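Novice: fold the following, please.
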Amino acid sequence: MPAITVINHYPNFRLLTPAVNTALQYIASGEQQKVKNILLIATDDTTLNRLKKQYFGDDVLTDTISFNYNEPGLAIEGEIYLSIDRIRENAQKYGNNFKNELMLVIIHSLLHLMGYDDVTAADQRRMAERQRKYLEKVQVKYLFRNLKQLR
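Specialist: Residues are numbered from 1 along each chain as shown. From the prediction side, this is the model:
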């Protein structure tokens, strides 16, 4: 049975597991792939920067890091780290609403776990095309809850 686990390590913010599960399963199905185990962690810039330095040798801020544990030809298995700080900033920078930017980054991360890459210009175009397709088709009403606004 596929397992998608969401861990929230960002203050006053909660990604909602049912919505994330719906979105990831829809995309996997659209790509004719199966999910074995995905761990998705919502965290901050400091954590992703530390991971980027530790595993990639880059001292940069990024909105997501994906660790792919897939064996070729088998179901998707890996970890996705999201920087809520970076996603909020990018939403403002690119004129997106936060929910769409968050979903775009989740889609992007899952596509990496499926073997898509964005190193070359051709890879970037292919990835952007898939992201747009799924961003238009994946419909989740409540993707997250901002707990600070509830008080």
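Novice: show me where pLDDT drops low in the chain?
Specialist: Applying pLDDT under 70 to the chain picks out residues 1-2, 149-151.
Novice: what segments of it are strands?
Specialist: Along the chain, the segments classed as strands by DSSP state E run 3-8, 13-15, 35-43, 64-68, 76-83, 144-146.
Novice: next, format the ones you listed as a markdown table and append mean neighbour count and distance to H112.
Specialist: For glycine as for every other residue, the C-beta is placed from the backbone atoms N, C-alpha and C. Shown next, in a markdown table, are the strands of the chain (neighbours: other C-beta atoms under 10 Å; distance: least, C-beta to C-beta, whole Å):
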| stretch | mean neighbour count | distance to H112 |
| --- | --- | --- |
| strand 3-8 | 16 | 16 |
| strand 13-15 | 17 | 18 |
| strand 35-43 | 20 | 11 |
| strand 64-68 | 17 | 4 |
| strand 76-83 | 23 | 8 |
| strand 144-146 | 15 | 21 |
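Novice: can I get those in CSV with distance to G57?
Specialist: Output for the strands of the chain, formatted as CSV (distance: least, C-beta to C-beta, whole Å):
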stretch, distance to G57
strand 3-8, 25
strand 13-15, 28
strand 35-43, 20
strand 64-68, 13
strand 76-83, 17
strand 144-146, 31
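Novice: closest to A23 out of those?
Specialist: strand 3-8 (9.5 Å; C-beta to C-beta).
Novice: which residue is the nearest non-sequential neighbour of the residue nearest the centre of the chain?
Specialist: The centre of the chain sits closest to I106, judged by C-alpha atoms, centre = their mean, with a distance of 2.3 Å. Leaving aside its sequence neighbours, I106 sits nearest to A23 (C-beta to C-beta, 6 or more residues apart in numbering; 6.4 Å).
Novice: again with K53
Specialist: Nearest non-adjacent residue to K53 (C-beta to C-beta, 6+ apart): D59, at 5.4 Å.
Novice: for E89, which residues are in contact?
Specialist: Residues in contact with E89 (C-beta atoms under 8 Å, 6 or more residues apart in numbering): none are found.
Novice: give me the distance between it and P11.
Specialist: Remark: distance between E89 and P11 (C-beta to C-beta, to the nearest Å) = 16 Å.
Novice: cool, K133 as well?
Specialist: In terms of C-beta to C-beta, K133 sits 33 Å off from P11.
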